[in-house]
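*Asks:* The following block contains a protein sequence and its predicted model.
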Amino acid sequence: MRDIPTAIGYLRRDVSGFRQDWDETRIRSRAKRLGYDLAKIVVFGPDTDAPIERLVDVVRKADVDAVIVPSATHFDGAEIPAPLVKVAEVITVDPEQTYARWLLPPWPTAGQPHTS
C-alpha cells in the first residue's frame with residue numbers, strides 16, 4: 001500500500017485546444033493541493049476509440065486512486081462516466097468537485113439525499 005494516494009490526469013486534446021498546457025498545469029496543481037502523487041496525464045484525441053474503456057484500463061493498470069480532469073466537458077455529454085467512478089474517484093478542477101466511488105449516479109443535487 002502506498003503512503004501517498006496516486007492520481008492520473010485526463011484530458012481531451014480537442015476540448016483543451018490551445019489551453020492544453022494550462023489544463024495540464026491546473027491538473028498538476030489540483031493533485032498537489034489535494035495531496036496526490038500525479039503519476040501521469042493521459043491525453044486522448046477525438047478519434048480515440050472507446051476512450052472511457054481505455055481510461056479505465058489505464059486506471060486499473062496504474063492502480064491509482066483518482067482521475068483529475070479540467071472539467072466534465074472532457075467526457076462525452078459532459079457527464080462523469082459511472083464506469084470510471086467505479087474504479088477511481090473523479091476530481092474536476094472547474095468546478096472543484098469530487099465524484100466518489102461510493103456515490104454512483106444519479107448524482108444528487110444540492111439539498112437532495114442520494115438514493116440507490
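*Replies:* Yep, it's here. Here the structure is a predicted model, which is why all the values come from computation and not from measurement.
*Asks:* Given the helix or strand where Ile8 lies, what are its sheet partners and their directions?
*Replies:* Per DSSP states H and E: Ile8 is located in strand 6-12. Sheet pairing of strand 6-12 (DSSP bridges) gives strand 37-44 (parallel), strand 66-69 (parallel).
*Asks:* can you give me the mean pLDDT across the helix or strand following the last one?
*Replies:* The helix or strand immediately downstream of strand 66-69 is helix 82-85, counting by DSSP H and E. Averaging pLDDT along helix 82-85 yields 94.
*Asks:* Tabulate the CA atom coordinates of helix 82-85 in PDB.
*Replies:* C-alpha atoms of helix 82-85 as PDB (Å, rounded to 0.1, in the frame of the first residue of the first chain):
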ATOM      1  CA  ALA A  82     -20.100   5.800 -14.000                       C
ATOM      2  CA  PRO A  83     -17.700   3.000 -15.100                       C
ATOM      3  CA  LEU A  84     -14.800   5.300 -14.300                       C
ATOM      4  CA  VAL A  85     -16.200   6.300 -10.900                       C
END
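*Asks:* and that helix, which residues are buried?
*Replies:* If you call a residue buried by 16 or more other CB atoms under 10 Å, then helix 82-85 has these buried ones: Leu84, Val85. The C-beta positions use only the backbone N, C-alpha and C, and glycine is treated the same way.
*Asks:* State the paired neighbours of whichever helix or strand comes after it in the sheet, together with their directions.
*Replies:* Downstream of helix 82-85, the next assigned helix or strand under DSSP H and E is strand 89-92. In the sheet, strand 89-92 lines up against strand 66-69 (parallel), strand 97-99 (antiparallel) (DSSP bridges).
*Asks:* and strand 89-92, how far out from the chain's middle?
*Replies:* The chain centroid and the centroid of strand 89-92 are separated by 4 Å under CA atoms, centre = their mean, to the nearest Å.
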